[in-house]
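> what follows is a predicted protein model with its sequence.
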Amino acid sequence: MCSRDCCSKGGVSRTKDGNPCERRAEKQETDIIVPTPQSLLYPYEMIQEIADFLVKGSGIRPKIGIICGSGLGSLADLIQNPKVFEYSKIPNFPVSTVEGHAGKLVVGCLEGVNVMAMQGRFHYYEGYPLAKCSMPVRVMKLCGVEYLFATNAAGGINPKYAVGDIMLMHDHVNMLGFAGNSPLQGPNDPRFGPRFPALVNSYNKDLINKAIDISKAMGIESSVHVGVYSCLGGPTYETIAELRALRMMGVDAVGMSTVHEVITARHCDMKVFAFSLITNKCATEYSEKKDEEANHDEVMAVAKNKQKACCEMVSRLVAEIQKSL
Ligand SMILES: O=P(O)(O)O[C@H]1O[C@H](CO)[C@@H](O)[C@H]1O
Ligand SMILES: Nc1nc2[nH]cnc2c(=O)[nH]1
């Protein structure tokens with residue numbers, strides 16, 4: 001209420017005698033905030049600056065970029081001669097706020113290939129716009145990265161999936177996109193990619209086939225699936241009705257990440273490989289059992305338990321790529 005003792009009726013501030021309050025009208029005009037389109041948050045030059053900082057600081061131009069999912073930070077521990085950058089020390093970089101996401105960028109060598117790994121990703125529910133969540137993918141691109149490996153912890157909706165299984169992503173359903181949200185929203189910078197990128201064939205078939213062969217060589221093929229992931233905004237886990245709806249849409253696993261990173265990577269023509277570690281089974285029947293409710297401690301515990309297999313999958317696939325370089 002303004003100091004002239006106004007009240008608000010029908011969205012219009014009025015003085016006690018019913019006349020519109022001029023002071024409030026003036027204030028409203030100056031208070032209008034025009035949101036910055038997502039794509040303008042990190043202009044090309046700023047991304048280039050971050051990439052230059054990392055390439056100069058590490059002396060390395062990575063070919064493969066790895067994003068470690070919740071509890072899967074040990075993927076970055078595979079890297080030899082690592083140069084570690086705390087996110088807080090990288091200019092214009094956001095900070096990680098989620099448990100299981102250390103907030104470090106590790107650059108070095110894996111299976112003879114220069115790689116860069118994010119120990120900690122950014123999620124929409126942390127309050128970051130999608131373009132900010134996936135900004136590091138563009139940094140990777142300008143550092144020289146050609147392949148994105150995105151990993152995540154996810155809930156298994158497909159009834160055939162068990163906790164601890166791995167789902168190789170071959171497609172996604174972009175629920176945030178259905179609601180009109182995209183990391184590419186706003187003016188397009190063609191130095192990154194086209195205005196209207198196609199997303200069919202986003203997940204590289206050759207890499208999926210190689211990963212299937214690797215799972216056979218590791219003797220874990222019965223717990224490795226190929227399926228569809230969907231990203232919701234979070235931070236809530238899903239209701240039973242939502243899980244049923246997702247299943248009807250053909251979704252096999254659900255999480256709160258990855259899709260915007262894949263969109264950003266495909267926009268700038270990176271080859272994408274992604275997998276979900278199934279950390280919990282999503283209930284699709286109503287029940288009052290507490291142990292059927294998803295929780296982040298369980299997600300982290302399962303990820304830690306299964307990190308060895310995930311690490312082996314990643315390093316073997318990097319070794320396969322190395323053969324073709
Ligand atoms: O997708 P990642 O980062 O692996 O994490 C998943 O696990 C967290 C919920 O337990 C959410 O952040 C969800 O997205
Ligand atoms: N949205 C969502 N994210 C997850 N991350 C790990 N498990 C889950 C889950 O069940 N739902």
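Happy to help now that I have it. What you see is a predicted model; the values in this text were computed from it and never measured. Ligands and ions are numbered 1, 2, ... in the order given.

> where do the strands sit along the chain?
Counting by DSSP state E, the chain forms strands over residues 7-9, 12-14, 64-67, 80-86, 104-110, 113-119, 147-156, 166-174, 224-231, 253-255, 271-281, given from the N-terminal end onward.

> and those, which is most packed in?
Per-stretch averages of neighbours, counted by mean count of other CB atoms under 10 Å, single out strand 64-67 among the strands of the chain, with a mean of 28. No exception for glycine: its C-beta is placed from N, CA and C like everyone else's.

> tell me if that one is near ligand 1.
No. Residues of strand 64-67 contacting ligand 1 under CB under 6 Å from any ligand atom: none, with a closest distance of 8.2 Å.

> what does that strand contact?
Counting by CB atoms under 8 Å, 6 or more residues apart in numbering, the neighbours of strand 64-67 from elsewhere in the structure are 75-76, 110, 113-118, 121, 136-137, 140, 143, 145-151, 258, 261, 270, 314, 318, 321.

> mind saving the C-alpha coords of that strand as PDB?
Presented in PDB, the C-alpha positions along strand 64-67 are these (Å, rounded to 0.1, in the frame of the first residue of the first chain):
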ATOM      1  CA  ILE A  64      34.900 -36.000 -25.300                       C
ATOM      2  CA  GLY A  65      32.800 -34.200 -22.700                       C
ATOM      3  CA  ILE A  66      31.300 -36.200 -19.900                       C
ATOM      4  CA  ILE A  67      28.500 -35.100 -17.600                       C
END
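
> near ligand 1, which residues of the stretch 201-325 of the chain show up?
Near ligand 1, when you scan the stretch 201-325 of the chain using CB under 6 Å from any ligand atom, you find 234, 255-257, 296, 299.

> most neighbours among these, which one is it?
Counting by other CB atoms under 10 Å, S257 has the largest number of neighbours within these, with 29 neighbours.

> I figured it hits R121, correct?
Yes. Under the criterion of CB atoms under 8 Å, S257 lies in contact with R121, with a separation of 5.9 Å.

> returning to that earlier point: for V95, find the nearest of the strands of the chain.
Go through those one by one with CB to CB and the one that ends up closest to V95 is strand 80-86, at 9.0 Å.

> got the CA coordinates for that closest one in PDB?
Included here for strand 80-86 are C-alpha records, laid out as PDB according to Å, rounded to 0.1, in the frame of the first residue of the first chain:
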ATOM      1  CA  GLN A  80      44.600 -39.400 -15.800                       C
ATOM      2  CA  ASN A  81      46.800 -36.400 -15.100                       C
ATOM      3  CA  PRO A  82      43.700 -34.400 -14.100                       C
ATOM      4  CA  LYS A  83      43.600 -30.700 -14.000                       C
ATOM      5  CA  VAL A  84      40.700 -29.800 -11.700                       C
ATOM      6  CA  PHE A  85      38.700 -26.500 -11.900                       C
ATOM      7  CA  GLU A  86      36.300 -25.700  -9.100                       C
END
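
> no further queries at this time; thank you.
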